[in-house]
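Peer 1: Dropping the sequence and predicted coords here.
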Amino acid sequence: MRELTFLEAIREAMVQEMRRDESVFLIGEDIGVYGGAFGVSLGMLDEFGPERVIDTPISELGIGGAITGAAMTGMRPIGEIMFMDFMTLALDQLVNQAAKLRFMFGGTTKVPFMMRAPIGSGAGAAAQHSQSLENWYVHVPGLKVVMPTTPYDAKGLLIASIRDDNPVIFFEPKLLYKKAKGPVPEELYEIPLGVADVKRKGKDVSIIATGMMVPRSLEAAEALAEEGLDIVVIDPRTLRPLDEETIVKSVMKTGRVLIVHEACKTGGYGGELAAVIAESQAFDYLDAPIVRLAGKDIPIPYNRTLEYNAVPQVENIVAEARKLAKGNV
Amino acid sequence: MRELTFLEAIREAMVQEMRRDESVFLIGEDIGVYGGAFGVSLGMLDEFGPERVIDTPISELGIGGAITGAAMTGMRPIGEIMFMDFMTLALDQLVNQAAKLRFMFGGTTKVPFMMRAPIGSGAGAAAQHSQSLENWYVHVPGLKVVMPTTPYDAKGLLIASIRDDNPVIFFEPKLLYKKAKGPVPEELYEIPLGVADVKRKGKDVSIIATGMMVPRSLEAAEALAEEGLDIVVIDPRTLRPLDEETIVKSVMKTGRVLIVHEACKTGGYGGELAAVIAESQAFDYLDAPIVRLAGKDIPIPYNRTLEYNAVPQVENIVAEARKLAKGNV
Amino acid sequence: MSVDKNTRIDWLRQMYTGRAFEEMAEKLYALGKIHGTMHLSMGMEASAVGTIAAIKEGDYILGTHRGHTQLVAYGADLNRMMAEFMGKAAGYCRGRGGSMHIADVPGGYLGAQGIVGGNIPLSVGVGLTIRNRKTDQICVCFFGDGAANEGAFHESLNMAAIWKLPIVFVCENNQYGMSMNIKNAMAIDQISDRAASYGMPGITVDGNDVMAVYEAVGEAIKRARAGEGPSLVENNTYRWRGHSKSDANRYRTKEEIAKWMKKDPIARFQGQMIKEGVLTQAEADQIATDAKEAIESAVKFADASPEPDVSTILEGVYVE
Amino acid sequence: MSVDKNTRIDWLRQMYTGRAFEEMAEKLYALGKIHGTMHLSMGMEASAVGTIAAIKEGDYILGTHRGHTQLVAYGADLNRMMAEFMGKAAGYCRGRGGSMHIADVPGGYLGAQGIVGGNIPLSVGVGLTIRNRKTDQICVCFFGDGAANEGAFHESLNMAAIWKLPIVFVCENNQYGMSMNIKNAMAIDQISDRAASYGMPGITVDGNDVMAVYEAVGEAIKRARAGEGPSLVENNTYRWRGHSKSDANRYRTKEEIAKWMKKDPIARFQGQMIKEGVLTQAEADQIATDAKEAIESAVKFADASPEPDVSTILEGVYVE
Ligand SMILES: Cc1ncc(C[n+]2csc(CCOP(=O)(O)OP(=O)(O)O)c2C)c(N)n1
Ligand SMILES: Cc1ncc(C[n+]2csc(CCOP(=O)(O)OP(=O)(O)O)c2C)c(N)n1
Ligand SMILES: [Mg+2]
Ligand SMILES: [Mg+2]
């Protein structure tokens, strides 16, 4: 199969859906001739024109409203926010409007949009351009939250997100855009939301990782394999709704679980994962405390070395997983 | 000691601090002659005048900026947002500015404000006026998050929050304003941030409850006492920084823990609490899974009966705690 | 514009019905039959009715928290409206929404709104839908004077203007936010002057004159349908009652309220029609009585409707 | 206003220094010595320098992401600036901030800014602090043409106006957001016209004419100090380089860039002074050389500064 980068997979999914469905359009800042801050939509303006690839003024709240209002009235917009950090400015529309309209109106409407945004640190862009606030959105009933980590998953989940009748928040780990490369079918295909993927099988420790932490965990697992340890790596892919079953089953088998995310530890998604496990039937199978390895509780610093040390790296995952496997937590 | 309502305790704390410290002022929508939507600041305009009790246009982002900019330059503002739901509109200032400025600027500034907002459901105000999104703020390094549940705590914590050199988000469970009444010293006193309060001692189950769930848990504990069960109720009071020690110690004693909050379960603060316990030394003392009893994963409905059923009530707490105590979870 | 007698009588009926709805709302409130909050628009009926009179089938409306008369003018089913107000299963939102969220999305009324200014960005999206469909639909977006100070107002009007979207922004300027007089909330005299910041036309009209509102909004709609883009219409009016439920009116004088009550848009419009000889006092009284009866019957309907079933509480969060 | 020779030479020196800083920044970038992002203001120097020339000790400045020359004009220590740019421990932010967040809060430079428009609401708070202190301080708040479409702009200018806060809002209109020309981003010709929405004066000046900027901002500052409230000054200018780091310039033509490069604010100001006979070409060349040397020495300083110590990574989140 031909290989695409993460970025190309996302672009292809959007392009193919827009060809298929007239009601899909893309809207965001500098997504037209500029192709978006990361080049994701480069070339799309040429094919679809300015009414379907809509450059906006710098007005994030307006973008949030534009996709919500359009979705309520029959369209399937894809909104792009240049960095997930700026979604703070659109939150009223996403949380108080989009997520709630259907329930508040007694089920008489729906809001089938998706909102895409790059997430995470590692690009030297400092505190206001490097956050991972996915758990905010997970906490809002009415929203679905997706975060793919391979080109294959990105295309399939993006298509499923566009076709989903609910507002979907779609986070793209920005370090993967150009670095992740892998086989992607040319045709349209959906990966259903709410299904986790076991990226690596094993028996000693279950790592539940999200976003950039998935490739890092896989690398860590390979390193540990050389030490004779056999590590599971599960990527929930959809953070809400969560595929609890896959996770619980795995933990029942291994008895040891390491949760890894890039977001700051306190109040993060790791808490949700830990709680889901701790209140499940897997609880009785746990041979060790549930361990969270997460971003430090600090804003992301600019300096490259500090930035590197602000979030889990392969060596940190190796160390934690090893400790867990050897029972000396 | 004379008794005050929750609302009166908050007002008194603000008034006394404003008398003491010229750099403290109050700013928000309709807080002047109207006295705020809940009447918290009634009368304060008369004493302090319009330059220290500042009515704003309906501009939440502007309020967020006003308190941040004023705090950076030497004031100690108290911002009020009429309902915590509207803080979504101020988030960029709270999260991308206030919380990060000190770190981002290498420790060369500080942002000593507090932002007050009523929180929670039960007033028939439906989905856009009833949320409990405290975990969003807990997830942001740089912020402190406080949620008192008695008039005594409200006064002491509010004074400590004003005097704290960091931005403090202060949530006031709106159902308590007029309903909670209790002894409050006349003088100024501080309750240090980051110290939990054991509201009720016991040995069978540890309930960790926040906000409105504290009085409900206490009521539940009384009911269970008649069945011979002895329930601990711990109120963290400060959600960030969390007093982990008090919680962990209690769980080590009881071996059973019930976490109760009003916020929607998924992605909520209960996850953080569960994870803190599950990764602590209390893990080995757990005799049962960690149970979260939380708001349903829905927007708050308008209808009174639905609204009642959307969040934990005394009878739900009784039932869960009883199950836990009797070991049949 | 000349408007025929029956249409005008219809407007009068709508104004009376909106008024009757809110008088009843107050009564139900006083009786303790309403759990939640509400915002009454008594005294502002001409703004809602005159505006909505200018739209046609297929157009969209985005309402506000002060939206009862907007809904009536839109032609909402009074029974379902009242049932929603009372939180009943037969309500427009199955009792989930209440006064602040009554909506009829399938019919084009995209909802009352609890977030001040929160509906304004939605209008941009509605405009994009229409542009995509290439129909001559338009969207009317209501909001208050207070909402005009939200960032949402600014971003949305700008976006609507650059894309020439078919939106009419209708500011119901009732002189106050909750307690703040516009004189304290902004340093300009007319909100419509803000239209210039976006390169769109802005006009201020006597919002208690239903005909003036109808004409101004009608002009703006004509522009919008013709592809000439959005406009801002400011209806100057006043709310008689407190901000919500009740309030102590500490922020305004009895005299001011009395002055504005003398400008009652219903009495004024009815008086004109009687003076012109197109309506008799008896006919007017009949319209008023009919309105009250329609509302009473709506209350009966709502009273008879069951509470929502608690077992359905999780429904409607997601499309499954 | 007449400005003495030495002051004007100082302005020229500041412009040259800002330019030299950014030329060096580009070079360091090309050498792979910079990890993060940066935004160059080459071609816009007159706007930053003319504006800051009009303030006095004790005033506050809120900068933007495109803030290097703003910092230079403010009088920032070049060594610490460069060290911050390079992420070093000796930098203004101990290497935590980088190009986008250089700040000297104790000195009144309240920081460059990564959120477009995010500094505008801060100005309201600064204004309130000054009002409370009853000093004659003022606050200059920079932002771009693109930022003027954020809700933050609207809410803040309105609040500043109703409270007559001592703020000068300086819009550095360089014709583009990232890639969007103002003609596409707003349906009006001048951003300064938006001042009317808030009842404050607005003026557009040639932002490549340092004297014109100085005078317009100076007038606005005089008003602000006198308690007459805020103003909006729009400096029309242009950025020569891509939006950040580099960009492909797909959104504009080479001709357009060339046209604006001919309006180089430095060459223009220097030419005027030479023509007036207050400066010789040799003196001008010396100023340019001095500027470059100062920057080279700053790089030496920064190169010699250690990286921040990883063990300090948790410091500075909270005041303990
Ligand atoms: C974002 C937001 N801020 C504040 C409120 C509280 N609130 C409800 S109505 C209101 C006044 C609105 O004033 P205006 O827009 O003039 O409408 P009016 O009530 O006068 O019809 C306020 C402040 C809210 N609901 N939403
Ligand atoms: C809230 C926000 N939205 C978007 C961005 C991305 N961004 C950075 S600079 C920029 C363009 C800003 O344009 P303008 O205000 O004119 O300033 P200029 O870059 O032209 O100096 C954009 C869109 C951002 N940093 N913050
Ligand atoms: Mg109003
Ligand atoms: Mg610009």
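Peer 2: Nice, I can see it. Ligands and ions are numbered 1, 2, ... in the order given.

Peer 1: how about the helices in the chain?
Peer 2: The chain I'm using is chain A. Here chain A has its helices, by DSSP state H, at A:6-20, A:44-48, A:60-72, A:91, A:99-104, A:134-138, A:151-163, A:176-179, A:213-225, A:244-254, A:269-278, A:304-310, A:314-325.

Peer 1: wrong one, I was asking about chain C
Peer 2: Going by DSSP H, chain C shows helices at C:5-30, C:45-53, C:68-74, C:78-85, C:120-133, C:151-162, C:182-185, C:210-225, C:254-261, C:265-276, C:281-304.

Peer 1: Any idea which of these gets closest to chain A?
Peer 2: helix C:120-133 (2.0 Å; Cβ to the nearest Cβ). Placement of C-beta: from N, CA and C, glycine included.

Peer 1: so how far is B:Tyr308 from C:Glu307?
Peer 2: According to Cβ to Cβ, to the nearest Å, C:Glu307 stands 11 Å off from B:Tyr308.

Peer 1: I meant A:Gly122, not that one.
Peer 2: Distance, A:Gly122 to B:Tyr308, by Cβ to Cβ: 47 Å.

Peer 1: now do A:Pro299
Peer 2: A:Pro299 is 40 Å from B:Tyr308, by Cβ to Cβ.

Peer 1: quick one: which of the two has more around it?
Peer 2: Shown here are A:Pro299 and B:Tyr308; by other Cβ atoms under 10 Å in any protein chain shown, A:Pro299 has more neighbours (28 against 14).

Peer 1: who's in contact with that one?
Peer 2: A:126-127, B:99-100, B:103-104, B:141-142, D:96, D:317 (Cβ atoms under 8 Å, 6 or more residues apart in numbering or on different chains).

Peer 1: now it, nearest residue through space, not along the chain?
Peer 2: Spatial nearest neighbour of A:Pro299, excluding adjacent residues (Cβ to Cβ, 6 or more residues apart in numbering or on different chains): A:Ala127 at 3.7 Å.

Peer 1: how about the residues of the stretch 201-320 of chain C that lie near chain A?
Peer 2: C:315-319 (Cβ under 8 Å from any Cβ of the partner chain).

Peer 1: burial measure for the closest residue to ligand 4 within chain A, as a count.
Peer 2: Nearest residue of chain A to ligand 4 (Cβ to the ion) works out as A:Ile58 at 9.2 Å. Using other Cβ under 10 Å, A:Ile58 has 27 other residues around it.

Peer 1: Tell me where the model's unsure across the stretch 51-200 of chain A.
Peer 2: Along the stretch 51-200 of chain A, no part satisfies pLDDT under 70.

Peer 1: if we can go back for a sec, in TSV: the residues of the stretch 201-320 of chain C next to chain A, plus distance to A:Glu320.
Peer 2: Output for those, formatted as TSV (distance: Cβ to Cβ, whole Å):
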residue	distance to A:Glu320
C:Glu315	42
C:Gly316	42
C:Val317	36
C:Tyr318	35
C:Val319	39
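
Peer 1: now, the most widely separated pair of these?
Peer 2: Spatially, the most separated pair among these is C:Glu315 and C:Val319, at 11.0 Å (Cβ to Cβ).

Peer 1: Show me which residues of chain C are close to ligand 3?
Peer 2: C:144-146, C:174 (Cβ under 5 Å from the ion).

Peer 1: By neighbours, which of the residues you listed wins?
Peer 2: C:Gly144 leads the residues of chain C next to ligand 3 on contacts (other Cβ under 10 Å) with 27 neighbours.

Peer 1: wait, A:Tyr34 sits on D:Tyr176?
Peer 2: No: using Cβ atoms under 8 Å, A:Tyr34 makes no contact with D:Tyr176, being 10.1 Å away.

Peer 1: Need the residues touching each of these two.
Peer 2: With Cβ under 8 Å, 6+ apart, A:Tyr34 and D:Tyr176 have common neighbours D:Tyr251.

Peer 1: okay, the two: which has more neighbours?
Peer 2: A:Tyr34 (23 against 20).

Peer 1: picking up where we left off before, for the helices of chain A, state which one has the densest average packing.
Peer 2: helix A:60-72 (a mean of 31; mean count of other Cβ atoms under 10 Å in any protein chain shown).

Peer 1: Next, the angle helix B:60-72 makes with that helix.
Peer 2: Put simply, helix A:60-72 runs at 160 degrees to helix B:60-72, going by axes from the mean of the first three to the mean of the last three Cα atoms, to 10 degrees.

Peer 1: which secondary structure elements does helix A:60-72 contact?
Peer 2: Contacts defined by 3 or more Cβ pairs under 8 Å, 6 or more residues apart in numbering or on different chains; DSSP states H and E place helix A:60-72 against strand A:24-28, strand A:76-80, helix C:120-133, helix C:151-162.

Peer 1: re the thing from before, now render the helices of chain A as a markdown table, adding distance to ligand 3.
Peer 2: Shown next, in a markdown table, are the helices of chain A (distance: least, Cβ to the ion, whole Å):
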| stretch | distance to ligand 3 |
| --- | --- |
| helix A:6-20 | 42 |
| helix A:44-48 | 41 |
| helix A:60-72 | 21 |
| helix A:91 | 24 |
| helix A:99-104 | 23 |
| helix A:134-138 | 31 |
| helix A:151-163 | 39 |
| helix A:176-179 | 47 |
| helix A:213-225 | 49 |
| helix A:244-254 | 47 |
| helix A:269-278 | 41 |
| helix A:304-310 | 46 |
| helix A:314-325 | 55 |
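
Peer 1: When C:Glu315 and C:Val319 are compared, which one has more neighbours?
Peer 2: Shown here are C:Glu315 and C:Val319; by other Cβ under 10 Å, C:Glu315 has more neighbours (17 against 13).

Peer 1: can you pull the contacts of the residue lying closest to C:Pro201 once chain neighbours are set aside?
Peer 2: Sequence neighbours aside, C:Ser231 is the residue nearest to C:Pro201 in space, at 4.8 Å (criterion: Cβ to Cβ, 6+ apart). Going by Cβ under 8 Å, 6+ apart, C:Ser231 touches C:168-169, C:195, C:200-203, C:219-220, C:223-224.

Peer 1: Of those residues, which is the nearest to ligand 3?
Peer 2: Ligand 3 lies nearest to C:Phe169 out of the contacts of C:Ser231, by Cβ to the ion, at 14.6 Å.
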